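*Asks:* When you get a sec, could you give me coordinates for this:
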Amino acid sequence: MKKFFILLVLFPLVSFTIHKYYVALTEIEYKEDTQSIQMIMNVFMDDIEIAINKDYNTNLKIATKNELVNINEYFYKYLKAHFKVTINNEEKTYNFIGKEYDGDIVYFYLEIENISQPKSIEIENNILVAHFPDQQNLIKATIKRKRKSLFLSSKNDKGLLNF
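*Replies:* Reported below is the predicted structural model:
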């Protein structure tokens, strides 16, 4: 009877374990007045910290009083290695405008200048997938009020949006 009681208590606890979701969102918008592509990427702070700390053998200490002074350099280096943007069949370099912390999310602000008329945007995004195989990266793009989306993962980390 004692074993039965233990099983009765433990079964629900084991059955409903907490499952962490690994999802990052990147919003892309073409600004006709400035002829630029503006991007905002949000990533879970602890996930990006684990990835960068392991990849670059460092300790970022994100959002603490001991945060690395040159943390933006690590962020930009990581993003350049794992997030690529091709506009009209030409790979583009984006500027790292900055970052912002909000709760457990870090927002990265990126921009590509001197874009006259984007007809296609190809995204390669394998952010975090080396460390979190279940990572999914959602891309939402808006150009002249047309919205398109991509859902990228470790099995398919590249997609094309035509406008």
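
*Asks:* measure residue 69 to residue 90 for me?
*Replies:* 35 Å (C-beta to C-beta, to the nearest Å). In short, each C-beta sits where N, CA and C put it, glycine included.

*Asks:* Between the two, tell me which one has more neighbours.
*Replies:* Counted by other C-beta atoms under 10 Å, residue 69 and residue 90 do not tie: residue 90 has more neighbours, with 10 against 7.

*Asks:* Show me what that one is bridged to.
*Replies:* Residues in a beta bridge with residue 90, per DSSP bridges, are residue 87.

*Asks:* what sits against residue 49?
*Replies:* When contacts are counted by C-beta atoms under 8 Å, 6 or more residues apart in numbering, residue 49 touches 60, 62.

*Asks:* Could you confirm it falls within a helix?
*Replies:* Yes: Residue 49: assigned to a helix according to DSSP: H, G, I helix; E, B strand; the rest coil.

*Asks:* Where does pLDDT dip in this protein?
*Replies:* Scanning the chain for pLDDT under 70 picks out 1-20.

*Asks:* mind listing the strands for it?
*Replies:* 23-31, 36-44, 83-87, 90-92, 95-102, 105-112, 120-125, 136-143, 146-153, 158-162 (DSSP state E).

*Asks:* what's the shortest one in contact with?
*Replies:* With contact meaning C-beta under 8 Å, 6+ apart, strand 90-92 is reached by 37, 84-86, 112, 115.
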